[in-house]
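# Task: produce atomic coordinates for the following.
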Amino acid sequence: MRRQLTALALAGTLALGLAACSAPGATGGAGFGGGGPQSVAEACAAFGEAIAGNQDLVGEALRDAQLDPSKTVEAFGTLETTLGDAFTAVSNAEVSALGDSLMAALTTLADTAEAVIVDGETARAGELSEAGREFALRMQEFQTLCG
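Reported below is the predicted structural model:
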């Protein structure tokens, strides 16, 4: 039961993260990392456009995780791949640096979730909560920057 609650909480965190990531999208005009310097607005738009096409895939992974806690790790993997691919569209240094910290927080969260949910290392539950808070904080910073 505790694993299910943990998986549900993490899936909720991921869903909020995806919503924050996709918010800047569809404003158009970004060069997807190519060409000249990229403004913050262009970088955010490029990221939003890149992630928008994968919302269904990530959403499906999150729904699966809510139904089956063991799929939480797969959902993290899908989110890591989607965000990582989307950040390749970013050449702006400020957005890229924040993306690096966001991806590092997500990797820590994913690794800790696997340890707790899959491997049964329940003693790391506090570490998992902290990793979730850190990821949420990085997502808030990204949302603040990209509006």
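
# Could you tell me which ranges of the chain sit under the pLDDT cut-off?
Residue ranges of the chain with pLDDT under 70: 1-36.

# As a check, name the ranges of all strands in it.
Read by DSSP state E, the chain holds no strands at all.

# neighbours of the closest residue to residue 78 other than its chain neighbours, just the number please.
Closest residue to residue 78 apart from its sequence neighbours, by C-beta to C-beta, 6 or more residues apart in numbering: residue 61 at 4.1 Å. C-beta here means a position set from N, CA and C on the backbone, and glycine is covered the same way. Residue 61 sits with 22 neighbouring residues when counted by other C-beta atoms under 10 Å.

# Start the count at 12 instead of 1 going forward.
All right, first residue 12 from here; so that's residue 72.

# who's in contact with residue 72?
The neighbourhood of residue 72, defined by C-beta atoms under 8 Å, 6 or more residues apart in numbering, consists of 82, 85, 86, 89, 90.

# how about stretch 69-80: buried residues?
Applying a neighbour-count criterion of 16 or more other C-beta atoms under 10 Å, one finds 69, 72, 73, 75, 76, 77, 80 buried in stretch 69-80.

# now, the most widely separated pair of those?
In these, two members sit farther apart than any others by C-beta to C-beta. They are 69 and 80, at 17.4 Å.

# my read: residue 85 touches residue 74, true?
No: assessed by C-beta atoms under 8 Å, residue 85 is found out of contact with residue 74, at 11.7 Å.
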